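Visitor: what's the 3D shape of this:
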Amino acid sequence: MSVLLGKQVFFTGVAASGGCALLYYLIQKAFSRASYYQWALEHLRSHPEALEALGTPLNVHYLRLTDKYNFVDIADAKLKIPVSGPKSEGYLYVSSSRDAPFKRWNLQEVFLELKDGQQIPLFKPSGENSNELKKE
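Guide: Okay, here's the model as predicted:
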């Protein structure tokens, strides 16, 4: 009887671990498909100073889901996206908001912070209308 119980515990553990890994993957995919995430990466990839500091090719890593900076609710989103290149590494900080649920997200700020502490601003909205984009 104990061998049967041991097998059951083993296979239950394997199934639970697989389920957790799948959930982690699906959460990462959901973040990476969000419009504010994609826009922030577009700003990074089109910013010469940031690309010079990191080097190319640029690598975007999974979010650290336990990092308290990463926060998304119905109206606000803040992400800290790990990025690296051959020359350096750092975090891409993204702040975004929207006026109401199911409305379009508006970027508030995007900046790159390198591991040496240097910050490179990539985006801030211009004027009162946050839909008007201002590239740094």
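Visitor: I figured Pro40 was touching Tyr91, is that so?
Guide: Actually, residue 40 is Ala rather than Pro. No. Under the criterion of CB atoms under 8 Å, Ala40 is not in contact with Tyr91, lying 11.1 Å apart. For glycine as for every other residue, the C-beta is placed from the backbone atoms N, C-alpha and C.
Visitor: more neighbours: which of the two?
Guide: A count of neighbours by other CB atoms under 10 Å puts Ala40 above the other of Ala40 and Tyr91, at 27 against 20.
Visitor: so where do the helices sit in this protein?
Guide: 2-33, 35-45, 48-54 (DSSP state H).
Visitor: what about this protein, any weak spots by pLDDT?
Guide: 1, 127-136 (pLDDT under 70).
Visitor: who's in contact with the residue most central in space within it?
Guide: The chain has Ile81 as the residue nearest its centroid, 3.9 Å off, counting by CA atoms, centre = their mean. If you count contacts by CB atoms under 8 Å, 6 or more residues apart in numbering, Ile81 has them with 37, 40-41, 60-61, 63, 91-94.
Visitor: for Asn59, see how far away it is.
Guide: According to CB to CB, to the nearest Å, Ile81 stands 11 Å off from Asn59.
Visitor: for Val9, same thing?
Guide: 39 Å.
Visitor: dump stretch 33-49 to CSV, keeping only the CA atoms.
Guide: Extracted in CSV, the C-alpha atoms of stretch 33-49 (Å, rounded to 0.1, in the frame of the first residue of the first chain):
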residue,chain,number,x,y,z
ARG,A,33,0.9,41.0,-25.3
ALA,A,34,-0.3,44.1,-23.4
SER,A,35,-0.2,47.3,-25.5
TYR,A,36,1.8,49.3,-22.9
TYR,A,37,4.4,46.6,-22.8
GLN,A,38,4.7,46.6,-26.6
TRP,A,39,4.8,50.4,-26.9
ALA,A,40,7.5,50.6,-24.3
LEU,A,41,9.7,48.1,-26.2
GLU,A,42,9.1,50.1,-29.4
HIS,A,43,10.4,53.2,-27.7
LEU,A,44,13.4,51.3,-26.4
ARG,A,45,14.2,49.8,-29.8
SER,A,46,13.9,53.1,-31.6
HIS,A,47,16.0,55.1,-29.1
PRO,A,48,19.7,55.4,-30.3
GLU,A,49,21.1,56.4,-26.9
